[in-house]
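quick check, what structure comes out for this input:
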Amino acid sequence: MSQYTRATGVGGTTITSGTLANRPTAGVADRYYWATDIYVLFRDTGTAWEIIANGIQYKFYEWDIWNDFSLTANNVINRIYYTPMQICHAMTIDRLIYVAQVAAGNARMAVYEDGGNLPDGGALVVESGSVAAVVGKNELTIDDTQLLPSLYWVALQNDAVTGTVTYRTPCAKVAVGTLFGHYLDGTAYGAFVDPCPVTSSPIAAVPSVGVRVASVP
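Presented below is the predicted three-dimensional model:
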């Protein structure tokens, strides 16, 4: 990075790094700070630090991949679906999202840490309450939760009777490298278990899921 760094006494393009907690107080225009613990680059405006993320500054973002495929849920009563999701930038999320083509019953969602390219054993990061399903996009509120760059698993369950719910799904089979969707049968609808229990894989299809980003980081 040094070949791109021009240090001056009054700003310029000085770049320093450290944890977010150790970032100095803003006040020197056009210096940069790389927060090593959250993988975010900041620029000092002279009065405040602003986020520089691949040259784009943004506040809200929805990661979504809904399309024309559909998945009939609850073919097995009390099935929980786990969809892999790769987070590339530190962010704080406040919603978990799924799309229902046919809606019934109530749904709950959660995010688990990765357990080694599978959800098994991953710690529960955050979960929603139980919310009545509606046709179309369902946004389930969660506590503001910071996710750092890593692989996560988004879990979705529904308490409707067998065959009465249809989710949107990204394709016939979700695969990220050697990753496939997972599922868990036989667990009564309710709060998610922490850590994630042993699941089954692969599964022919998983629901399309998303998150709403409240802020970066």
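
OK, contacts around Cys88?
Neighbouring residues of Cys88 by C-beta atoms under 8 Å, 6 or more residues apart in numbering: Pro149. (C-beta placed from N, C-alpha, C; glycine too.)

can you tell me how far it is from Arg95?
Distance of Cys88 to Arg95, computed by C-beta to C-beta, to the nearest Å: 19 Å.

tell me which helix or strand of this structure sits lowest on mean pLDDT?
Lowest mean confidence among the helices and strands of the chain (mean pLDDT, DSSP states H and E): strand 61-62, at a mean of 36.

show me how the protein divides into domains.
Annotated domains of the chain cover 2-52, 61-215 [automatic domain parsing].

most tightly packed of those?
Among the domains of the chain, ranked by average contacts under mean count of other C-beta atoms under 10 Å, first place goes to domain 61-215 (a mean of 18).

how far away from the center of its chain is it?
With C-alpha atoms, centre = their mean, to the nearest Å as the basis, domain 61-215 stands 10 Å off its chain's centre.

which stretch in the domains of the chain is the model least sure about?
Ranked by mean pLDDT, the domains of the chain bottom out at domain 2-52, with a mean of 78.

how far is that domain from where the chain is centred?
On C-alpha atoms, centre = their mean, the centre of domain 2-52 falls 27 Å from that of its chain.

how about the closest residue to Ile15 other than its chain neighbours, phi and psi?
In space, and not counting its chain neighbours, Ile15 is closest to Tyr32: 4.4 Å by C-beta to C-beta, 6 or more residues apart in numbering. Phi and psi for Tyr32, reported as degrees, to the nearest 10, are phi -120, psi 150.

when you give positions from now on, start the count at 15
Understood, numbering begins at 15; the last thing we discussed is Tyr46.

make sure Tyr46 is actually in contact with Phe56.
Yes. Applying C-beta atoms under 8 Å, one finds Tyr46 in contact with Phe56, separated by 6.7 Å.

show me the common contact partners of these two, please.
Ile66.

partner strands of the helix or strand containing Tyr166, with direction?
Using DSSP states H and E, Tyr166 falls within strand 164-172. Taking DSSP bridges as the criterion, strand 164-172 pairs within the sheet with strand 94-101 (antiparallel), strand 120-127 (antiparallel).

save those strands as CSV, and put in distance to Gly204 too.
Converted to CSV, the strands paired with strand 164-172 look like this (distance: least, C-beta to C-beta, whole Å):
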stretch, distance to Gly204
strand 94-101, 11
strand 120-127, 8
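
of all these, which one is nearest Arg182?
Arg182 sits nearest to strand 94-101 of all the strands paired with strand 164-172, at 11.6 Å, using C-beta to C-beta.

Ser222 against Tyr181, yeah?
Yes. Using C-beta under 8 Å, Ser222 is in contact with Tyr181, at 7.2 Å.

overlap of the contact sets of the two?
By C-beta under 8 Å, 6+ apart, the residues touching both Ser222 and Tyr181 are 112-113.

just the CA atoms of stretch 212-230, as CSV, please.
Taking C-alpha atoms only, stretch 212-230 is exported to CSV below (Å, rounded to 0.1, in the frame of the first residue of the first chain):
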residue,chain,number,x,y,z
VAL,A,212,-26.9,-32.0,13.4
THR,A,213,-28.7,-31.4,10.1
SER,A,214,-29.1,-33.4,6.9
SER,A,215,-27.7,-32.4,3.4
PRO,A,216,-27.9,-32.0,0.5
ILE,A,217,-31.4,-30.9,-0.2
ALA,A,218,-32.9,-30.4,-3.6
ALA,A,219,-33.8,-26.8,-3.0
VAL,A,220,-33.8,-24.2,-0.2
PRO,A,221,-35.7,-20.9,0.2
SER,A,222,-34.3,-17.7,-1.2
VAL,A,223,-33.4,-15.6,1.9
GLY,A,224,-32.1,-12.1,2.4
VAL,A,225,-31.1,-9.6,5.0
ARG,A,226,-31.7,-5.9,5.3
VAL,A,227,-28.6,-3.9,6.1
ALA,A,228,-29.2,-1.1,8.5
SER,A,229,-25.7,0.4,8.5
VAL,A,230,-22.1,-0.2,7.5
